[in-house]
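1. I'd like to go over a predicted model; first the sequence, then the structure.
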Amino acid sequence: MRFRRHRVSLAAFAASVVIICGQAALAADRIHYIVSLASPEKHLVQVTIEIPPGQNTRELQLPVWNALYQVRDFSQYMNWIRADSGGKPLPLIQLNKSRWKISGAENGGRVEYEMFSDNPSPYGAQLNSHHAFFNLAEILCYIEGERGDPAEVEFRGVPSGWKIATPLPQQGNSFSAISYDQLVDSPVEMGAFDERDFSAACGTYRVVVDAEGAQAILDKIIPPIQRIVSAETNWMNDCPFRSYLSIYHFADLPGGGGMEHTYSTAITLPMDDLAGGFDRFISITAHEFFHLWNVKRVRPQSLEPVDYTKENYTPALWFSEGVDSTVAEYILLRAGLLDEQHYLNHLGEEITELENRPAHLTQSAEQSSFDAWLEKYPYYSLPARSISYYNKGELLGVLLDLKMRDASDDRVSLEDLFRWMNEHYAKQGRSFPDSDGVRNTAENLSHANFREFFQKYVSGVDEVPWDTFFSRVGLRATTTELTLADPGFQAAQAFDQPPSVVQVEAGSEAERAGLKPGDVIMQINGRRSGRDFERRIRDLGPGALLHLSVSRDGIQRELQWTLGASKQKVFRVEDAPNITAEQKSRRAAWLFGDSTAQPKSSKHNSSK
């Protein structure tokens, strides 16, 4: 026994030597980034890349897209770039707008460049005197062929009193990653932010808030966050992390939104969204947290591998984004943050949005997913031109769930579909074959044929027979025609940008007032415009006075006119006639995961 233990000790010693030597070699080969907050007041960031010895010639690539499915060419913000080795300049040739070749780097080298960073959204990179927030792919070049090598980033010039929050392992002001992809999938917040941690299923949750009155905000948002993460980890029955970081910015911005990452999320919302029941806050929080499975781990084949040099086309965003919203709303129901009636109202609004876009007869959910790269162009967002894969995808998730339940007599559901895909794709290190992967999973679990469903409603543009799906749970879709305010123009909003006018109706009051396509709507009746601009105009009612502050060619103009009137078909989801106890039981199982569950009486229990 002593001899055996001695042999184990020698083996352990030998293994430790190998590990130590391997770690030393790993450190030597690691690509080291230095990000210097050179001039916060001018939004200037200086980046140094210390390149380890290797090939004589290396090519550097700055991504052309990140965070959004939009080519944004981040090199537009690069002021200068240079390279050297041991103080001696290295030849640096620009190959295209975002790619450079350096020579003479066989003994290693250093590349330095300066970036302007002032995009205040979860999809951007920003440095100012108040804080810094980085999606690192927007400021860090990678070395072609070495994206899979270990990397670390060190932050210098961090103002006194600032803290750093990122999901990466930390040593002082340096953070390490196993690869460039992991590095840039880890957002960074720096500043005098407030934060709070809590422990729950899966591990520790760190919540960072950058806003005025942050402590009061944390008091309000922590309880619903706790409910959401508990409900979603229960839904997936999985813990793919030990710590998770949520970064929240609350500011007076026109857009806002959220960006998912493998071990974190970044969310920006107007401060007004915290008023009342803060619907959008809980909805976007549930949506982004569920993304840590859906799309970050349960991932379509068409998005692999990520190509930072051009568009990555996929027909599966209806599932990765839209059905993510389906689950997010279910989660709010199960977490007690949303009641049945308000959920059904929401479902009616989603159907109304889809049915009132003429493009629902010409563009499928898959095509909408594929065309995501066109979303930055306002004309593409016209109702006659496109639908939203978020909108139709969320509805498809509901229909898919109801069809699976119907085919299996409630033995399997959308919850089982995600768990199966997580076990058989994500945990096996595989991506799923886009829509076919979803269909095959639904068929395998339900022992039913879903080909017609996918042909008609996912890849096709057939009208959806809503009541055929809803009848099992005692619901129906009804329509009424309402007279609503007609502004005389159509506008579109791309993520974090203010709404932009796309079309002005000929002969309308809007045209007579001087509104033109391309005008950017900055204010509506004295309030900053945002994602709810259409609802705010509609709520004014026909005959009301509309006052717009618009920006045109850098000049602000004030326009006003009286709103007209137009008819619109509105859908509601409500009880079917003569609803049975069995239908009520099925509905409770569908919405709450429990056939004995009772509908909640209030919309947001957390706001009581």
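-> Nice, I can see it.

2. the strands in the stretch 451-600 of the chain, which residues?
-> Secondary structure of the stretch 451-600 of the chain by DSSP state E, counting those that start in this stretch: the strands cover 475-486, 489-492, 500-504, 520-524, 527-528, 545-552, 555-562, 564-575.

3. which of the ones you listed is buried the deepest?
-> Burial of the strands of the stretch 451-600 of the chain is given as mean neighbour count (mean count of other C-beta atoms under 10 Å); strand 489-492 ranks first at a mean of 22. C-beta: built from backbone N, CA, C; applies to glycine.

4. parallel or antiparallel, which strands does it pair with?
-> Take DSSP bridges as the rule and strand 489-492 pairs in its sheet with strand 500-504 (antiparallel).

5. please compute how far the partner strand lies from its chain's middle.
-> 26 Å (C-alpha atoms, centre = their mean, to the nearest Å).

6. quick check: angle from it to strand 520-524?
-> Angle, strand 500-504 to strand 520-524, by axes from the mean of the first three to the mean of the last three C-alpha atoms, to 10 degrees: 100 degrees.

7. how about low-confidence regions in the stretch 201-350 of the chain?
-> Low-confidence segments of the stretch 201-350 of the chain, defined by pLDDT under 70, span residues 254-255, 276-277.

8. please repeat the previous calculation with a cut-off of 80.
-> 252-256, 275-277 (pLDDT under 80).

9. which strands and helices lie in contact with the strand or helix carrying Leu37?
-> In the assignment (DSSP states H and E), Leu37 maps to strand 31-39. For strand 31-39, the elements it packs on are strand 44-51, strand 151-156, judged by 3 or more C-beta pairs under 8 Å, 6 or more residues apart in numbering; DSSP states H and E.

10. quick one: strands adjacent to that strand?
-> strand 44-51 (antiparallel), strand 151-156 (parallel).

11. now do Leu475 against Glu355, distance only.
-> According to C-beta to C-beta, to the nearest Å, Leu475 and Glu355 sit 16 Å apart.

12. now do Asn345
-> On the measure of C-beta to C-beta, Asn345 and Glu355 end up 16 Å apart.

13. ok, the two, which is more surrounded?
-> Glu355 (19 against 15; other C-beta atoms under 10 Å).

14. tell me the spacing between that one and Asp486.
-> Separation of Glu355 from Asp486 (C-beta to C-beta): 18 Å.

15. and Ala83, backbone torsions?
-> Main-chain dihedrals, Ala83, degrees, to the nearest 10: phi -140, psi 150.

16. where does the residue nearest the centre of the chain fall, secondary structure wise?
-> Centroid-nearest residue in the chain: Met259, 3.6 Å away (criterion: C-alpha atoms, centre = their mean). Secondary structure assignment for Met259, by DSSP H and E: strand 257-260.

17. go on, Asp252?
-> Using DSSP H and E, no helix or strand contains Asp252.

18. just Phe289 next, same as before
-> With DSSP H and E as criterion, Phe289 is part of helix 279-290.

19. now the element after that helix, going C-ward?
-> Per DSSP H and E, the first helix or strand lying C-terminal to helix 279-290 is helix 317.

20. contacts for that following helix?
-> Tyr69, Ser368, Ser369, Ala372, Tyr389, Gly393 (C-beta atoms under 8 Å, 6 or more residues apart in numbering).

21. name the SS class of the closest residue to the last one other than its chain neighbours, please.
-> It refers to Gly393. Excluding the flanking residues, the one nearest Gly393 by C-beta to C-beta, 6 or more residues apart in numbering is Gly322, at 1.3 Å. Assigned with DSSP: H, G, I helix; E, B strand; the rest coil, Gly322 falls in the helix class.

22. number of nearby residues for Gly322?
-> For Gly322, using other C-beta under 10 Å, the count is 23.

23. what sits against it?
-> So Gly322 contacts Ala365, Tyr389, Tyr390, Asn391, Lys392, Gly393, Glu394, Leu395, Leu396, Gly397 (C-beta under 8 Å, 6+ apart).

24. nearest to Leu546, of those?
-> Asn391 (25.7 Å; C-beta to C-beta).

25. what about the closest one, helix or strand, and which?
-> Short version, using DSSP H and E: Asn391 is in helix 389-408.

26. next, give phi and psi for Arg297.
-> phi -120, psi -50.
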